[in-house]
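Participant: Here is my input, please return the structure:
(chains A and B)
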Amino acid sequence: MNPFRSVRVRLSIALAFVVAGALGVVWVALVPTLERRLEDGKLAQLAVAGEALRRDARTVGVDQDFVDDAARTANARVVYFEVLTGGGTSTLLPQYDSQHVLASADLVHDPLAQQASSSGHVVRGRVDRGGEAFAEVAVPDAHGNVLLLDAPLHDVLANVRLVGDRVFWAGLAALAVAILVGFGVATAFTRRIRRLERAAERIASGDFGEPVVDRAADELGELARAFERMRLQLARLDGARSAFIANASHELRTPIFSLGGFLELLQDEDLDDETREEFLVTASEQVARLSRLATDLLDLSRIDAGHVRPARERVELGDVAGALRGEFAAVAQQRQHPLDVRIEQGGAALADRERVLRIGRALVDNALLHTPPGTAVRVVVRDSQLAVEDEGPGIPLEHQEQVFARFTRLNGTRASGTGLGLAIARELAELMDGRLRLESAPGKTTFTLELPAPTAEPAPAAVA
Amino acid sequence: MTESATILLVDDEDAVQKLLTYPLEHEGFRVLQARDGEEALRRFAGEHVDLVVLDLMLPKVDGLEVCRRLRSRSSVPIIMLTARDDELDKVVGLELGADDYITKPFSIREFRSRVRALLRRAALGGAEDGGQVLGDEDVRIDLGRRTVDARGGRVELTYVEFELLRTMAAKPGRVFNRQALLEALWGDSAYREPRTIDVHVRHLREKLERDAHEPELILTVRGVGYRFRDQAARRL
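Facilitator: Model (predicted):
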């Protein structure tokens, strides 16, 4: 992986940018302001002194001593400019200079003095001269002569530079710390992310054994907990899938094994007609069982894959009950079960007729299979419910939920169905927004299919 | 004797019951049927049974548990039927004392031959070596009575364990490989797992040895098989 694409490096770089940016802003905002403030302070100081000198100059007149004294008082160079008139032009020239510089060559054309002289107002400002900065205040008198107070700004600028340097080095140190801390924190996060990544890889490769642990209360911790929930769910599904396959293969193998065995006997043995007939009947029962199993497995896999979308139309449950009686009459008679249909009230539901029939078949088949011969079985229609009742020995309470599980055959009951009928029935009921309930006690067991009532259409009773 | 043997057939599937009963009855055996573990134990307690054919997956009390309970009170030969072709199940079944196992699907021919082999060995056990006694000072194997005494106490062995011990003790010091032991037990070694010998040997050691982890009687010959100790050779 490109090292610059790792979260760790990116986070560090981002943090460094933020710190550098913040320092840049501090620099830009602080240094010029500070410089201006200090400069203004100096100028204000000079202006006050200049104002005092103007008053003094008016009373005592200006000479070399005056400027020398003034320079000491104001702690600045003081230069007196006089207006000299000749040849139609007037020129402002330095007359006395507290620094005694000959002819004050450096100040001859001082712009502030010129400006003050011509405008008659006090002028202050910063002047750069010979590579250095100076604060100047020019105070004119009524005749255009000017007292110029001039103080170097290098102390001030040195202070500003010092502050600037401090800020720069402190900033550099902060940047280094930021990068280190950022890298450290990002490393810690990256390590946790890597752990999560490894856990995800494990789960992706089908290993659900190891829990995903990150106890922290932050977002990564939340993510880890979400992963853990996913792992548990997947492990559960995977376990259910393996159990389903193991069960299905067992259910397939038993009839195939007995079929193979009967074929071997039919081939090898010298059988009498009666035995041969018996074996053939048993073998075809096994074939029927296999084909029932194949149908049920296909139905279940279609339900699991979400391919089953039941219709929602008005279904007359009385018709369904009648159809069930028709289908099972022969089987019931063969097993000596009285099979009745009772319609208590109205009886219509909003459902899929074929699916309701499928559920009804599973329930009736179940009742006929698991009750002793002679036991009465009744299909009862009441409102939008279809119930199948029997007077058999009942299902113990602890097994009542189990009967709906896939491949469940309760202990002691002779293996005969596929063990999938009730599981499919319940799934179908739920797909139609209904529910399949079981109430059982010795002497009376009732499976009730509750379906949504057809509210959109008026009930037949209301029409009448 | 074989002709009148009674076989308890335990399987919850009607079709399998019918399928396996026919060849057994055809051989002249008497077949008792049981459809679940409880019924199997009840029938076994009520009648004399010479051999048990036991399905692994049973309602109420499963096959392994039935095997364990039968073994705790009897050394009757037991053949386990398993639908799961699972190594673990086989070994566990044998550990609980089954003498043989057959994995479904199997041919009726093979089933018949296994039942016959096990019954023949069980029946012959006493007859051919009547009165003969094998063993040494620590272990006494009475072939006539089919009893084993180790260090003064009577030890209950299953049919296969007894046969295994007898085979090895008959030739002290001689090394038997697993194949040879399988053949000595069953007459052939086809369809059979050599590793099952290890399980039976471990059981024998647990019953006979002072310390099953430091065997003195049945010794492992690494990479080959097992031998019974030869005291005569040691004294020389």
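
Participant: Kindly list the main-chain dihedrals of the spatially most central residue of chain B?
Facilitator: Closest to where the C-alpha atoms of chain B average out (CA atoms, centre = their mean) is residue B:99, at 2.7 Å. Phi and psi for residue B:99, reported as degrees, to the nearest 10, are phi -90, psi -30.

Participant: Could you pull up the contacting residues of it?
Facilitator: By CB atoms under 8 Å, 6 or more residues apart in numbering or on different chains, residue B:99 lies in contact with B:77, B:78, B:79, B:118, B:158, B:159, B:160. Every C-beta, even on glycine, is put in place using the N, C-alpha and C of the backbone.

Participant: again, only using 10 Å
Facilitator: Residue B:99 makes contact with B:51-52, B:67, B:71, B:75-80, B:93, B:114, B:118, B:121-122, B:158-161, B:163, B:185-186, B:196, B:200, according to CB atoms under 10 Å, 6 or more residues apart in numbering or on different chains.

Participant: pLDDT score for the closest residue to residue A:118 other than its chain neighbours?
Facilitator: Nearest residue to residue A:118, sequence neighbours excluded (CB to CB, 6 or more residues apart in numbering or on different chains): residue A:144, at 7.4 Å. As predicted, residue A:144 sits at a pLDDT of 83.

Participant: if I read this right, residue A:35 contacts residue A:157, doesn't it?
Facilitator: Yes: counting by CB atoms under 10 Å, residue A:35 does reach residue A:157; the two are 7.0 Å apart.

Participant: between these two, which one's more packed in?
Facilitator: The neighbour comparison of residue A:35 against residue A:157 (other CB atoms under 10 Å in any protein chain shown) goes to residue A:35, with 20 against 16.

Participant: mind checking how far the more buried one is from chain B?
Facilitator: 87 Å (CB to the nearest CB, to the nearest Å).

Participant: and the closest residue to that residue other than its chain neighbours, how many neighbours does it have?
Facilitator: Distance criterion CB to CB, 6+ apart; nearest residue to residue A:35, sequence neighbours excluded, is residue A:160 at 4.6 Å. Residue A:160 is flanked by 21 other residues according to other CB under 10 Å.

Participant: Ok, residue A:71 next?
Facilitator: Residue A:71 has 21 neighbouring residues, counting by other CB under 10 Å.

Participant: likewise residue A:407?
Facilitator: Neighbour count of residue A:407, defined by other CB under 10 Å: 15.

Participant: and what of residue A:253?
Facilitator: Residue A:253 sits with 15 neighbouring residues when counted by other CB under 10 Å.

Participant: on that earlier part again, among the contacts of residue B:99, which ones are in strands?
Facilitator: Counting by DSSP state E, these place B:51, B:52, B:78, B:79, B:80 in strands.

Participant: of all these, which two lie farthest apart?
Facilitator: The largest distance within the ones in strands among the contacts of residue B:99, taken as CB to CB, falls between B:51 and B:80 and amounts to 12.0 Å.

Participant: Neighbour count: the two, which is higher?
Facilitator: Neighbours were counted for residue B:51 and for residue B:80 using other CB under 10 Å; residue B:80 has more, 27 against 23.

Participant: What pLDDT is listed against that one?
Facilitator: pLDDT, residue B:80: 88.

Participant: Kindly report the residues of chain B close to chain A.
Facilitator: Taking CB under 10 Å from any CB of the partner chain, the part of chain B that reaches chain A is made up of B:11-20, B:22-23, B:26, B:35-39, B:55, B:57-61, B:81, B:83-86, B:104-109, B:111.

Participant: Tell me the bridge partners for residue B:53.
Facilitator: Using DSSP bridges, the bridge partners assigned to residue B:53 are residue B:9, residue B:79.

Participant: rewinding a little: my read is that the residue nearest to residue A:35 contacts residue A:31, right?
Facilitator: Yes: the criterion here is CB under 10 Å, and residue A:160 meets it with residue A:31 at 6.4 Å.

Participant: any idea which residue of chain A is furthest from its center?
Facilitator: Most peripheral residue of chain A (CA atoms, centre = their mean): residue A:87, 88.8 Å.

Participant: Isn't residue B:66 up against residue B:52?
Facilitator: Yes: look at residue B:66 against residue B:52 with CB under 10 Å: they come within range, at 8.4 Å.

Participant: neighbour-wise, which of the two wins?
Facilitator: Shown here are residue B:66 and residue B:52; by other CB under 10 Å, residue B:66 has more neighbours (28 against 25).

Participant: From residue B:158, how far off is that one?
Facilitator: Remark: distance between residue B:66 and residue B:158 (CB to CB, to the nearest Å) = 15 Å.

Participant: For chain A, which segments count as strands?
Facilitator: A:77-86, A:89-97, A:123-129, A:132-140, A:146-152, A:313-316, A:339-345, A:348-351, A:377-382, A:385-390, A:435-441, A:444-450.
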